[in-house]
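In: Kindly generate the corresponding structure for this input.
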Amino acid sequence: MVTSNEAGEAAYLKTTESPTPLDPALAAERLREVKRIFDDQGIVFWLGSGTCLGCIRENGFIPWDDEMDTASVIGMHGLREETIYRIADVFTKAGFYSRIRSNPQYMSVAFVRDGMRTDWTCHRIIDGGAIEFPGVKLPLHLFAQPMEVEFIGQKFLVPNPPEEYLKLKYGPEWRTPKGPGFEADVVMQVGDSDNLSRGRKLQRALSMGVFPRPNSSVKIFDRDGQSVSGAEVRVTGLGRFKTDKYGVARFYVPNKATYAMVVRYKGHEEILYLEWLIPGTNYIYRPGPIVTPEEHYKAGVRAHALSRE
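Out: Residues are numbered from 1 along each chain as shown. Modelled structure (predicted):
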């Protein structure tokens with residue numbers, strides 16, 4: 001017998017592993033409902049990521065977007081961590097599947113119903129700022145007094161000024177639509193150690209150096225099924241790592257969370273934008289299918305593409 005939680009988790013995974021573009025009319029209806037619940041509960045939130053980009057650049061949803069993005073900051077506008085769990089319960093009672101995952105940078109909340117997902121990222125304040133997936137550093141002044149804008153027939157809040165936020169998230173060319181290829185621009189905004197605190201950087205150095213600790217690893221195969229030595233594996237915000245003669249790259253993961261990964265070797269580069277990585281776990285990478293630009297535009301990058309060894 002499948003429980004409601006199992007069915008909800010399956011529905012959530014489908015939105016990440018086999019995403020489909022939003023229906024604008026249905027998305028608008030759902031986002032207005034999410035806003036009503038937040039407003040009723042006194043939650044200050046704003047549009048984030050692709051939803052903010054669509055709002056500011058196109059005054060609508062981005063044609064290829066597959067989920068809606070909202071955000072808040074824990075410790076600002078009265079939001080506390082325990083409040084997030086209470087709000088998740090409210091959404092559950094309203095017929096949503098509510099999913100919460102927590103890491104040192106933010107609490108990631110997903111509300112799923114009828115195959116449509118709304119993400120609510122609740123940032124933690126770190127070194128006087130916030131960090132947005134996949135490791136973009138954001139100053140807190142963007143969220144101190146969010147700006148009110150008109151969107152889908154109602155008033156919504158966005159980071160203030162939104163142009164600064166979008167430049168930090170998507171790069172200086174954020175005004176130019178790029179389809180699913182935007183992931184490369186986002187990854188380029190993140191430094192190799194941006195997801196690590198000073199203490200975590202020291203742990204990484206120790207774990208990769210003289211006193212190795214259990215690390216995660218990934219074995220890289222090419223399209224012919226051969227292991228690839230000398231390949232570069234970049235775990236966004238954590239560092240760049242090379243595969244050894246066996247095709248294995250050992251890398252440091254500070255905590256269980258979702259990361260972006262870039263795999264690059266001669267004649268090949270692939271961005272894996274959503275990978276759930278666990279410390280001390282070994283993975284296998286195999287290249288995705290060769291697709292046309294049109295197919296890539298419709299489908300975007302692969303998510304959850306790594307398998308466990």
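In: Could I get the contacting residues of the residue nearest the centre of the chain?
Out: The centre of the chain sits closest to Phe133, judged by Cα atoms, centre = their mean, with a distance of 4.5 Å. Counting by Cβ atoms under 8 Å, 6 or more residues apart in numbering, Phe133 touches Tyr106, Ser108, Thr121, Thr258, Ala260. No exception for glycine: its C-beta is placed from N, CA and C like everyone else's.
In: hmm, 10 Å instead?
Out: 48-49, 69, 103, 105-106, 108, 119, 121, 169, 186, 190, 195, 236-237, 257-260, 273-274 (Cβ atoms under 10 Å, 6 or more residues apart in numbering).
In: These in helices, which ones?
Out: Ser49, Lys169, Val186 (DSSP state H).
In: Can you give me the distance of the first one to Leu31?
Out: Ser49 is 13 Å from Leu31, where distance means Cβ to Cβ, to the nearest Å.
In: what sits in contact with each of those two?
Out: With Cβ under 10 Å, 6+ apart as the test, Ser49 and Leu31 both reach Met68, Asp69, Thr70.
In: who's in contact with the first one?
Out: By Cβ under 10 Å, 6+ apart, the contact set of Met68 is 22, 27-28, 30-31, 34, 47-51, 54, 61, 111, 116-120.
In: What average pLDDT does stretch 95-112 get?
Out: Stretch 95-112 comes out with an average pLDDT of 94.
In: Please list all residues in contact with Ile74.
Out: Contacts of Ile74 (Cβ under 10 Å, 6+ apart): Arg80, Glu81, Thr83, Ile84, Tyr106, Met107, Cys122, His123, Arg124, Ile125, Ala130.
In: What of Arg86?
Out: Gln41, Ile43, Arg80.
In: Tell me where the stretch 201-309 of the chain is predicted with low confidence.
Out: 201-214, 291-301 (pLDDT under 70).
In: change it to 80
Out: 201-214, 290-303 (pLDDT under 80).
In: all helices of it, in order?
Out: 293-299 (DSSP state H, counting those that start in this stretch).
In: As a check, name the ranges of all strands in it.
Out: Secondary structure of the stretch 201-309 of the chain (DSSP state E, counting those that start in this stretch): strands at 216-220, 232-235, 239-242, 248-251, 257-265, 268-277, 282-285, 307-308.
In: Now those in CSV, please, with extra columns for distance to Gln154 and mean neighbour count.
Out: CSV is the format used below for these (distance: least, Cβ to Cβ, whole Å; neighbours: other Cβ atoms under 10 Å):
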stretch, distance to Gln154, mean neighbour count
strand 216-220, 44, 22
strand 232-235, 39, 21
strand 239-242, 43, 16
strand 248-251, 44, 22
strand 257-265, 30, 20
strand 268-277, 29, 18
strand 282-285, 43, 19
strand 307-308, 43, 8
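In: Output these as JSON lines; include the columns distance to Phe96.
Out: Below are those laid out as JSON lines (distance: least, Cβ to Cβ, whole Å):
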{"stretch": "strand 216-220", "distance to Phe96": "32"}
{"stretch": "strand 232-235", "distance to Phe96": "31"}
{"stretch": "strand 239-242", "distance to Phe96": "37"}
{"stretch": "strand 248-251", "distance to Phe96": "35"}
{"stretch": "strand 257-265", "distance to Phe96": "20"}
{"stretch": "strand 268-277", "distance to Phe96": "21"}
{"stretch": "strand 282-285", "distance to Phe96": "31"}
{"stretch": "strand 307-308", "distance to Phe96": "30"}
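In: Pretty sure Pro172 sits against Glu164.
Out: No - taking contacts as Cβ atoms under 10 Å, Pro172 lies outside contact range of Glu164: 11.4 Å.
In: Looking at those two now, which is surrounded by more residues?
Out: Using other Cβ atoms under 10 Å as the criterion, Pro172 and Glu164 rank with Glu164 on top: 14 against 10.
In: That one touches Tyr170, doesn't it?
Out: No - Glu164 is beyond contact range of Tyr170, at 11.5 Å (criterion: Cβ under 10 Å).
In: Tell me how this structure divides into domains.
Out: 4-188, 198-308 (automatic domain parsing).
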